[in-house]
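**Student:** sequence? don't have it. structure:
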């Protein structure tokens, strides 16, 4: 068995180019079937216990954000964007297509960054890419930050919320796309849009997910004695 030496070559071989169901202006390299690709990645790398291939699918929260960005381009036009946990790069690509000055796409998975770069090229835009866990670091400079599908478990939600709080303290605009994940901080979110988004049924509990785009608010601090 030949190990994966080039993630880009692997992605090209194991995915197909398709339009995003809820943002058809954008095309992505996507997998036909989640478990098959996951197993193929582990076999080719010779490693077990790898993270799922989040980069190989257009998740509901990301699709919602992409649709909202494309429909309201003034949100990003002329602004510096941070696409946190970028996965396929879908949200960052939408931002650049809508007129953002730049987009810094961050993920901890090298395959995600390879996919994001390929997908950006496919759609005629450029992203700056960084493989890092920035949740415990000083956040990058940005005017607006997008987070799609990041509140899926408590540990991740707590890490992400800490990062987003630091961004909010700096005055950075924070938008979240989410189909109702279990750890979503609902009391701190203002709803901006609602969509019914087609998704991969094998990855979700339904083939259509009601997905919201939110603006995140700073945590309210009560006065002393309250």
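**Tutor:** Arrived safely, thanks for sending. Quantities reported herein were computed from a predicted structural model and do not represent experimental measurements. Numbers count the residues shown, from 1 in each chain.
**Student:** every contact and neighbour count from this point should use C-alpha atoms.
**Tutor:** OK.
**Student:** how about the helices in this structure?
**Tutor:** Using DSSP state H, the helices of the chain run over residues 7-14, 34-45, 60-71, 90-97, 110-122, 154-169.
**Student:** in TSV: those helices, plus distance to residue 84, mean neighbour count and mean pLDDT.
**Tutor:** Shown next, in TSV, are the helices of the chain (distance: least, C-alpha to C-alpha, whole Å; neighbours: other C-alpha atoms under 10 Å; pLDDT from 0 to 100):
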stretch	distance to residue 84	mean neighbour count	mean pLDDT
helix 7-14	20	15	88
helix 34-45	22	16	50
helix 60-71	11	26	97
helix 90-97	9	30	98
helix 110-122	12	23	96
helix 154-169	9	16	94
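**Student:** in CSV: these, plus distance to residue 144.
**Tutor:** Putting the helices of the chain into CSV (distance: least, C-alpha to C-alpha, whole Å) gives the following:
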stretch, distance to residue 144
helix 7-14, 29
helix 34-45, 31
helix 60-71, 12
helix 90-97, 10
helix 110-122, 19
helix 154-169, 9
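**Student:** to residue 199, which of these lies closest?
**Tutor:** Closest to residue 199 of these is helix 60-71 (C-alpha to C-alpha; 6.3 Å).
**Student:** now do the closest one against helix 90-97, angle only.
**Tutor:** 10 degrees (axes from the mean of the first three to the mean of the last three C-alpha atoms, to 10 degrees).
**Student:** can you start the count at 8 instead of 1 from here on
**Tutor:** All right, first residue 8 from here; so that's helix 67-78.
**Student:** for helix 67-78, name the packing helices and strands.
**Tutor:** strand 30-37, helix 97-104, strand 151-155, strand 180-185, strand 196-205, strand 215-223 (3 or more C-alpha pairs under 8 Å, 6 or more residues apart in numbering; DSSP states H and E).
**Student:** could you rerun that using 10 Å?
**Tutor:** Other elements packing on helix 67-78 under the criterion 3 or more C-alpha pairs under 10 Å, 6 or more residues apart in numbering; DSSP states H and E are strand 23-27, strand 30-37, helix 97-104, strand 151-155, strand 180-185, strand 196-205, strand 215-223.
**Student:** of those, which stretch is the most buried?
**Tutor:** helix 97-104 (a mean of 30; mean count of other C-alpha atoms under 10 Å).
**Student:** beta partners of the closest residue to residue 137 other than its chain neighbours?
**Tutor:** Spatial nearest neighbour of residue 137, chain neighbours left out: residue 113 (4.9 Å); criterion: C-alpha to C-alpha, 6 or more residues apart in numbering. Residue 113 has these beta-bridge partners by DSSP bridges: residue 91, residue 137.
**Student:** to residue 140, which of the helices of the chain lies closest?
**Tutor:** The nearest among these, by C-alpha to C-alpha, is helix 161-176 at 9.9 Å.
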